[in-house]
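S.K.: Dropping a prediction and its sequence here:
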Amino acid sequence: MNSLTEIARKYNVDKDALGYLKHYESKFEIIRNDVDKVLEIGLDTGGSHLMWLDYFPNANVYAMDNRIVYEDKVYDKRTGRDMVMVNGWDDRDKERAFIFRGDQSSVEDLNKFTVENGDEFDIIIDDGGHSMRQQQISLKVLYSCLKENGVYVIEDLHSSSNQWVTLYGYTVVEDGDTLSMDLMKDFENSDNLILETKHISKEEMADIKNRIVKCKVEVGVNSYQNYIWPTTLSFMDLK
């Protein structure tokens, strides 16, 4: 089978340039044939969705984005522009590909997704809007949808630098926000200093921490374009 790097380059997936693929391969290569169900928040051109379909040959792959999908295009309601899907989208096994339109910062939308698509995910990847609100609300709702020994991933934690005031129409760091990077570091080091955030209650936080076996924050690229922080993602192993 092709490596994740080969597949990502085939579909021009930016996880390659961001330096994430080495971490994904290290984490998932040994289980790639055993993975049954994957969710990635964030669709964009669809390249990453196709990449996971190739990499996990036996998995149903779900995508969630706040966009309307039709034919070979994704219509972004916020910008009013079409985002053309990458070549090969229509050639894929549609029996394994599922796309859901929803806002990851909406508890109602996230719950609707779980009602329609079930739980027992092996892997959930948040590569969505990258705001603190989006990352933390998605985590508090979706972590419970992972099966035993499942993995929850949050990409682009460098948005916590607040280098970008807004992304994709959302305020990245709102007044009173706990930085998602700080939260992941708290999980990683078992500091237990962050008991709640603006978006996660004490009870919800306690439940999340109770399921985390290990959290590892990984650096992708130390110097990327004009980013003031290295590209960063985290892996949370849940029991």
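M.R.: That came through, no problem.
S.K.: Quick one: the strands in this structure, in order.
M.R.: For the chain, strands defined by DSSP state E occupy the ranges 37-41, 60-65, 68-70, 73-76, 81-84, 97-101, 121-126, 146-154, 166-167, 170-171, 212-219, 232-238.
S.K.: Now tabulate these in CSV and tack on mean pLDDT.
M.R.: Written out in CSV, the entries for those read as follows (pLDDT from 0 to 100):
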stretch, mean pLDDT
strand 37-41, 98
strand 60-65, 92
strand 68-70, 53
strand 73-76, 47
strand 81-84, 48
strand 97-101, 86
strand 121-126, 98
strand 146-154, 97
strand 166-167, 95
strand 170-171, 96
strand 212-219, 98
strand 232-238, 98
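S.K.: Dump those into TSV; add mean neighbour count and distance to Lys185 as well.
M.R.: Every C-beta, even on glycine, is put in place using the N, C-alpha and C of the backbone. Below are the strands of the chain laid out as TSV (neighbours: other Cβ atoms under 10 Å; distance: least, Cβ to Cβ, whole Å):
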stretch	mean neighbour count	distance to Lys185
strand 37-41	24	22
strand 60-65	24	26
strand 68-70	12	36
strand 73-76	18	33
strand 81-84	12	34
strand 97-101	17	31
strand 121-126	24	17
strand 146-154	19	12
strand 166-167	14	21
strand 170-171	17	22
strand 212-219	16	6
strand 232-238	22	9
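S.K.: For the chain, just list every one of the helices.
M.R.: In chain order, the chain shows helices spanning 4-10, 21-28, 47-55, 107-117, 132-142, 180-189, 202-211, with DSSP state H as the criterion.
S.K.: and Glu174, which of those helices is closest to it?
M.R.: helix 132-142 (6.4 Å; Cβ to Cβ).
S.K.: Give the other helices and strands that that closest one contacts.
M.R.: Helix 132-142 is packed against helix 107-117, strand 121-126, strand 146-154, strand 170-171, helix 180-189, helix 202-211, with contacts defined by 3 or more Cβ pairs under 8 Å, 6 or more residues apart in numbering; DSSP states H and E.
S.K.: quick one, it and strand 146-154 angle?
M.R.: For the pair helix 132-142 and strand 146-154, the angle between their directions (axes from the mean of the first three to the mean of the last three Cα atoms, to 10 degrees) equals 170 degrees.
S.K.: Tell me which residues are up against helix 132-142.
M.R.: Residues outside helix 132-142 that contact it (Cβ atoms under 8 Å, 6 or more residues apart in numbering) are 39, 41, 104-107, 110-111, 114, 124, 126, 128, 152, 154, 160, 170-174, 177-180, 183, 197-200, 204-205, 208.
S.K.: can you rerun that using 6 Å?
M.R.: Residues from elsewhere that reach helix 132-142 (Cβ atoms under 6 Å, 6 or more residues apart in numbering): 104-105, 107, 110, 124, 126, 128, 154, 173, 177, 180, 197, 199-200, 204.
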